[in-house]
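Student: need the 3D shape of this:
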Amino acid sequence: MAEQTAPPVIRADAAPAKADAAVVRDALGVGVAVGLSGFAFGVTSAGSGLTLLQTCVLSLLVFTGASQFALVGALASGGNPFTAAAGAFFLGTRNAFYGLRLSQLLALPRAVKPFAAHWVIDETAAVALAQPSRRAVRLGFTVTGLTLYLLWNLTTFLGALGAEAIGDTSAWGLDAAGPATFLALLAPMLRTATERTTAGLAVLLGLGLLPVLPAGVPVLAAALAAPAVLWVQGRRAAAADDATAGDTADPAPRAEAARQPVEDQEDTR
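Tutor: Numbering: from 1, shown residues only. A predicted model of the protein is given here:
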């Protein structure tokens, strides 16, 4: 009988256990560090014209920083609300791909999944995916999500409240807080040459199209950087494969061609 192997177990609990305290420490570190950036969002949102209530509801119901910053940034620059919402939605679709993987790792009851889905963001996915066991995955996801959700919404409220108190945020330079925070979150994620090239091309596309397209549209156009870089990489890989195949081809025809001049010289003698 053919040997049967068990299907791969996703983050099996039999894996070396990671101390709960270490998981909580890592999760709290991420949750607190990122949660504090809610101040910047609250200030930016208030500066874009949203009310305190609108700003707080946005953080409570959307809860994905990149999309929120994209939305209020486009509104602040005079963009069409529908275009701004489209850009925010596009950025948020990445969370759906996180969810596909986290659904397997967490293995939560069906009744809990809709609530857990609201916490599927970059930070919770990063902490959960780094854990060695299902227990650690659930603990890391829960602590990160809870800490970040509470702190993000609290700092959003305080940031928007403070922005309303000081009036014109652009006069204080606080309108730059959103983009600066977004770049600070993005920079550590650009680890490979491909990621840095994609980010650089996206910046060029966004800035280059900014004067000629309506506000919010350059953000969508900048997303074309990813398929463009992947296409160039694919072409290079195909060319390298063709070159390798040519080097390893049957040497017999080349050897025959090399012998032919020698035979011709012998015939002339």
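
Student: mind telling me what element the closest residue to residue 217 other than its chain neighbours is part of?
Tutor: Nearest residue to residue 217, sequence neighbours excluded (CB to CB, 6 or more residues apart in numbering): residue 83, at 5.9 Å. (Glycine included, C-beta is placed from N, CA and C.) The secondary structure element spanning residue 83 is helix 81-92 (assigned by DSSP states H and E).

Student: show me what that helix packs onto, helices and strands only.
Tutor: Helices and strands in packing contact with helix 81-92 are listed as helix 65-76, helix 217-222; criterion 3 or more CB pairs under 8 Å, 6 or more residues apart in numbering; DSSP states H and E.

Student: and the nearest residue to residue 117 once chain neighbours are set aside, how far from residue 237?
Tutor: If you skip the residues right next to it in sequence, residue 117 has residue 99 as its closest partner in space, 6.1 Å away by CB to CB, 6+ apart. Computed as CB to CB, to the nearest Å, the residue 99 to residue 237 distance reads 30 Å.

Student: one more: residue 38?
Tutor: 42 Å.

Student: next, give phi and psi for residue 109.
Tutor: The main-chain torsion angles of residue 109 are listed as degrees, to the nearest 10 and equal phi -60, psi 150.

Student: what about it, neighbour count?
Tutor: A total of 8 residues lie near residue 109 under the criterion other CB atoms under 10 Å.

Student: and it, how far from residue 123?
Tutor: Distance of residue 109 to residue 123, given as CB to CB: 23 Å.

Student: ok, residue 95 touching residue 121?
Tutor: Yes - taking CB atoms under 8 Å as the definition, residue 95 is a contact partner of residue 121 at 6.0 Å.

Student: list residues touching both of those two?
Tutor: Taking CB atoms under 8 Å, 6 or more residues apart in numbering as the contact rule, residue 95 and residue 121 both touch residue 64.
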